[in-house]
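Trainee: Turn this into a model:
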Amino acid sequence: MSSSFRVPMDSSSAEIDLAVIFNAVWQQKKLIVFVAFSITLLSVAYAYWVTPEYQVSSVLRPAAINELDALNRSEVYRLPPNEALTRVGAALESYDTRLGFFRENRNLFSKFEQPGRTLEQSFEEFNRNSISVVLPDPKKSDLLSTYIRLEMTYPKGINGVAILNGFVKYAIDAERAQVAADMNVIIKNRLMELKGKLDAARANYENDKEAKIATLLEADNLKQAQLQDELKALRLQLRTLRVDRIAQLDEAIVIAKSLGIKKPTTPSALSESDHSGSSSVMRTEINNQQIPLYFMGVETLEAERTALKQRKSDDFTEGRIAQIARELQLLKENRQIEMLNRRENEDLFLSGIEPLRAEMARLNSLNNIDLSALKLVAIDQEALEPLYPIKPQKRLIVLAGLFIGICLGVALALLISIIRPARKSIKLAEQCQIGLQ
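Mentor: Below is the predicted model of the structure:
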């Protein structure tokens, strides 16, 4: 069963009488002014009492291509401008780089150091709250969006401009020194590699040279052995021929003695020796057969036999022996081996090392490149002395204090306007109870 009974609402009691509120507030205008003035005065005191904080910034952009041309043209170390900017940005965010700058410039950070704190603890307070790196939006790819902004917030009394500019310069110098060190290491490693290849070429040359000398010596020794064998065989042959000749002479001498031939003669002369005749007759003998040896006569044969027996060497009887002696004499000194051993600069005879030498000369010339003036990044904006602090914002603090003071004063006025009638009602009720008694 539902009921349709409803309690009627008095609209006059539900509405707030703005006139009454305004009248109550107006009656407490002095209180409102006092509270607003007091809060405003406190905000002014706070605004001028708190230590002002300033902010400076520096903007870095990629260096021009020609600034890194000498480095990139070396074909040893390649560093595009954008990559150089990224490396400098990484150095700016590096804890080691910041700590190194803090240690080397402690006079700039004297106010950050406090008794009872280590150097690292003092640096941590500075590193955590002071310097920040702002990077561009990665979604943008235009040239204007390629930059690195370094911002520093610091309290009054700190030389923030010197710190930020000095830190940027320190980071760039540190990265430049790192680039130079990397390049020196790369050049050194490549030179060691080329030196290894050159040493290998020299070792190969030495092996080839020793093999060639060994081949020449082996050929000379073989030739000498063959000539010695030929010489020995010729001498044996000549000795045998001499012995055979002596045996022939002995036999011919026996025959000549038996025939009574003392002087050299011919068969026809021997046959006519028994017949007398005119001595003026001249005979000519034509014979195509070899005359026996005993017709030389005993005297001639004995003289030849004596000479053969007294002979100490048969070498002069064979022309080939003189040729062998000449060849053996030439084989005692191999001039080609002598010239190979007398080479002073053997690198001149190495094959295929001209590119290695050229590359080594080029790498050695790179050591003369001055990287101290290498411009890794362009400082688009250096830190400048700020005109006014970013904290505290005095005008905003004073206005906020004034607004809070007015609101608080109005709230107090409303509270008083509510409390006072209640107190009066309580006093009247108490007086009525006293009168009834």
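Trainee: for the stretch 51-200 of the chain, what are the low-confidence residue spans?
Mentor: Filtered on pLDDT under 70, the stretch 51-200 of the chain yields the residue ranges 116, 137-145.
Trainee: Count the residues that sit near residue 332.
Mentor: Applying other CB atoms under 10 Å, we find 8 residues neighbouring residue 332. Any C-beta I mention is one placed from the backbone N, CA and C, and that applies to glycine too.
Trainee: what's the burial count for the residue nearest to residue 223 when sequence neighbours are not counted?
Mentor: Counting by CB to CB, 6 or more residues apart in numbering, residue 331 is the residue found nearest to residue 223 once chain neighbours are left out, at 5.8 Å. Residues lying near residue 331 (other CB under 10 Å) number 15.
Trainee: Quickly note the distance from residue 331 to residue 318.
Mentor: 20 Å (CB to CB, to the nearest Å).
Trainee: centre of the chain versus the helix or strand hosting residue 337, how much separation?
Mentor: Using DSSP states H and E, residue 337 sits within helix 335-341. Averaging C-alpha positions (CA atoms, centre = their mean, to the nearest Å) puts helix 335-341 42 Å from its chain's average.
Trainee: in that helix, what counts as buried?
Mentor: 337, 340 (16 or more other CB atoms under 10 Å).
Trainee: do the same with stretch 194-210
Mentor: Residues of stretch 194-210 classed as buried under the neighbour-count rule (16+ other CB under 10 Å) are 194, 197, 198, 201, 205, 209.
Trainee: who touches the fifth one in this structure?
Mentor: Residues in contact with residue 205 (CB atoms under 8 Å, 6 or more residues apart in numbering) are 346, 349, 350, 351.
Trainee: I'd guess it is in a helix, am I close?
Mentor: Yes: counting by DSSP: H, G, I helix; E, B strand; the rest coil, residue 205 falls inside a helix.
Trainee: please begin residue numbering at 611 from this point
Mentor: That works, and once the first residue is 611, the last one we named lands at residue 815.
Trainee: Low-confidence regions, the stretch 911-1047 of the chain specifically.
Mentor: 1003-1004, 1030-1047.
Trainee: would you put the C-alpha positions of the top strand by length along the chain in CSV?
Mentor: Counting by DSSP state E, the longest strand found in the chain is strand 663-672. Taking Å, rounded to 0.1, in the frame of the first residue of the first chain, the C-alpha atoms of strand 663-672 are listed here in CSV:
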residue,chain,number,x,y,z
GLU,A,663,66.4,30.6,-7.5
TYR,A,664,67.6,31.4,-11.0
GLN,A,665,67.7,29.4,-14.2
VAL,A,666,70.1,29.5,-17.1
SER,A,667,70.3,27.4,-20.2
SER,A,668,72.6,26.5,-23.1
VAL,A,669,71.6,25.1,-26.5
LEU,A,670,73.9,22.9,-28.5
ARG,A,671,73.4,22.0,-32.2
PRO,A,672,75.2,19.8,-34.7
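Trainee: Check which helices and strands that strand is in contact with.
Mentor: Using 3 or more CB pairs under 8 Å, 6 or more residues apart in numbering; DSSP states H and E as the contact test, the elements touching strand 663-672 are helix 691-703, strand 758-765, helix 770-869, strand 987-991.
Trainee: Against residue 741, how distant is residue 768?
Mentor: Taking CB to CB, one finds residue 768 at 12 Å from residue 741.
Trainee: now swap in residue 833 and tell me
Mentor: According to CB to CB, residue 833 stands 87 Å off from residue 741.
Trainee: And residue 1028, by the same measure?
Mentor: 54 Å.
Trainee: more neighbours, the two?
Mentor: Counted by other CB under 10 Å, residue 1028 and residue 741 do not tie: residue 741 has more neighbours, with 20 against 10.
Trainee: In contact with the closest residue to the more buried one other than its chain neighbours: list those residues for me.
Mentor: Nearest-residue entry for residue 741: residue 762, 4.9 Å, with adjacent residues in sequence omitted and distances by CB to CB, 6+ apart. Contact partners of residue 762, counting by CB under 8 Å, 6+ apart, are 665, 666, 667, 740, 741, 742, 770, 773, 774, 993.
Trainee: If residue 762 is in a bridge, with which residues?
Mentor: residue 666, residue 741 (DSSP bridges).
Trainee: And it, how far from residue 774?
Mentor: Taking CB to CB, one finds residue 762 at 5 Å from residue 774.
Trainee: re earlier: what's the helix holding residue 947 packed up against?
Mentor: Right, helix 945-951 is packed against helix 770-869 by 3+ CB pairs under 8 Å, 6+ apart.
Trainee: circling back to that earlier point, which is the next helix or strand following the helix holding residue 947?
Mentor: According to DSSP H and E, the helix or strand after helix 945-951 is helix 964-976.
Trainee: What residues of that next one count as buried?
Mentor: Quick answer for helix 964-976 (16+ other CB under 10 Å): 966, 969, 970, 973, 976.
Trainee: Over to stretch 776-790?
Mentor: Neighbour counts over stretch 776-790 (16+ other CB under 10 Å) mark 776, 777, 778, 780, 781, 782, 784, 785, 786, 789, 790 as buried.
Trainee: for those residues, which one is nearest residue 945?
Mentor: residue 790 (53.9 Å; CB to CB).
Trainee: In space, what's closest to that closest one - neighbours in sequence excluded?
Mentor: Counting by CB to CB, 6+ apart, the residue nearest residue 790 is residue 981, at 4.4 Å.
Trainee: does the one you found really touch residue 785, like I thought?
Mentor: No: counting by CB atoms under 8 Å, residue 981 stays clear of residue 785, with 11.1 Å between them.
Trainee: leaving aside the residues next to it on the chain, what's closest to residue 769?
Mentor: That would be residue 718: by CB to CB, 6+ apart, it lies 6.0 Å from residue 769.
Trainee: Equivalent analysis for residue 977, please.
Mentor: Residue 977 sits nearest to residue 797 (CB to CB, 6+ apart), 6.7 Å away.
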